[in-house]
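Participant: coords below, sequence missing:
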Ligand SMILES: [Zn+2]
């Protein structure tokens, strides 16, 4: 199935080889992330990290699920930004507890009630619902989920893309 879903094109993102050993991927694997979409098994998700999207590499996973399916925080850590962008629609940026990794959730149908920037999320907390906001095809609701390794400046929009698929694969 073709999924129209574009990743936020952020200049300076490193092109990490999918599942290659790297300090970032080791860090990610050690977090043993919760899966973010209710009712979906990680093994049922196709690895779309290296796929092309118009003008860039995807560098994220598209997790297909019915509209309105709960989306949950994959880890403990601070919610640093709620952002409504043209490609991503309603998005959430979350840091891990050590502010080394950032988790990005996009195309949400809506946010969980009371969600706010600066909140300390716990793994499994409801953050929103699967949808098609932004440039997702209206008939293909999904969560676009990405992880990146933050630089020393800890800027929520900038880092080295890591393949979340590898983390879940390593945890099995
Ligand atoms: Zn996507």
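Facilitator: Arrived safely. Note that the coordinates shown come from a computational prediction; the quantities given were computed from them, not determined experimentally.
Participant: Which stretches in the chain count as helices?
Facilitator: Assigned by DSSP state H, the helices in the chain fall at 23-31, 164-171.
Participant: between the ones you listed, which one is nearest to the ion?
Facilitator: Put simply, out of the helices of the chain the one that sits nearest the ion is helix 164-171, at 11.5 Å, with distance taken as CB to the ion. For the C-beta atoms, the positions are set from N, CA and C on the backbone; glycine is no exception.
Participant: so what's the residue nearest in space to the middle of the chain scoring on pLDDT?
Facilitator: Nearest to the geometric centre of the chain sits residue 145, at 2.3 Å (CA atoms, centre = their mean). As summarised for this prediction, residue 145 has a pLDDT of 97.
Participant: Run through the residues that contact the closest residue to it other than its chain neighbours.
Facilitator: In space, not counting the residues next to it along the chain, residue 145 is nearest to residue 61; the distance is 5.1 Å by CB to CB, 6 or more residues apart in numbering. Applying CB atoms under 8 Å, 6 or more residues apart in numbering, we find residue 61 in contact with 45, 47-49, 144-146, 163-165.
Participant: related to what we said a few turns ago, rank the helices of the chain by pLDDT, which is bottom?
Facilitator: The stretch with the lowest average pLDDT out of the helices of the chain is helix 164-171, scoring a mean of 69.
Participant: Could you give the bridge partners of the residue nearest to the centre of the chain?
Facilitator: Applying DSSP bridges to residue 145 yields these beta-bridge partners: residue 61, residue 105.
Participant: if I read this right, it contacts residue 63, doesn't it?
Facilitator: Yes. At 6.1 Å, residue 145 and residue 63 qualify as touching, with contact defined as CB atoms under 8 Å.
Participant: Find residues that contact each of those two.
Facilitator: Counting by CB under 8 Å, 6+ apart, the residues touching both residue 145 and residue 63 are residue 36.
Participant: Thanks a lot, see you next time.
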